[in-house]
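In: missing the sequence, but the structure's below:
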């Protein structure tokens, strides 16, 4: 695993948390009240590892031209 892989996993885990958080708190007021409750857990890292590995295992012609965390 390279440093780029580790960075992709970290970015993807944070992206997953942000997406979950935004889905859970749709209004701006809710976001501001609960902003400190967003935390990256082992589950987020495990999901990120799966996503990054899946992207890395694709053949060159199958790769999506976006960062892992999108």
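Out: That came through fine. Just so we're clear, the structure is a prediction, and the values are computed from it rather than from any experiment. Numbers count the residues shown, from 1 in each chain.
In: Give me the helices and strands touching the helix or strand harbouring residue 48, please.
Out: Following DSSP states H and E, one finds residue 48 within helix 42-57. In this structure, helix 42-57 packs against helix 3-24, with contacts taken as 3 or more CB pairs under 8 Å, 6 or more residues apart in numbering; DSSP states H and E. For every residue, glycine as well, the C-beta is placed using N, CA and C.
In: after the helix it packs on, next one along is what?
Out: From helix 3-24, the next helix or strand downstream (DSSP H and E) is helix 28-33.
In: Tell me which residues are up against that next one.
Out: Contact with helix 28-33 is made by 21, 22, 25, as judged by CB atoms under 8 Å, 6 or more residues apart in numbering.
In: Report the lowest-confidence entry in these.
Out: Scanning the contacts of helix 28-33 for pLDDT, the low point is residue 25. It has 81.
In: Now the phi/psi pair for residue 26, please.
Out: Here is the backbone geometry of residue 26 (degrees, to the nearest 10): phi -70, psi -30.
In: To what extent is it buried, counted in neighbours?
Out: 9 (other CB atoms under 10 Å).
In: distance of residue 56 from residue 10?
Out: As judged by CB to CB, to the nearest Å, residue 56 and residue 10 stand 15 Å apart.
In: can you check residue 1 too?
Out: 12 Å.
In: what about those two, which has more around it?
Out: Using other CB under 10 Å, the more surrounded residue of residue 1 and residue 10 is residue 10, with 16 against 11.
In: Spatially, which residue comes closest to that one, not counting chain neighbours?
Out: Using CB to CB, 6 or more residues apart in numbering and skipping the chain neighbours, the partner closest in space to residue 10 is residue 48 (7.5 Å).
In: How many residues are close by the one you found?
Out: Residue 48, neighbours per other CB under 10 Å, totals 23.
In: Model confidence for it, exactly?
Out: 96.
In: can you check residue 11 too?
Out: Confidence score, pLDDT, at residue 11: 95.
In: Also the one 3 residues further on?
Out: As summarised for this prediction, residue 14 has a pLDDT of 94.
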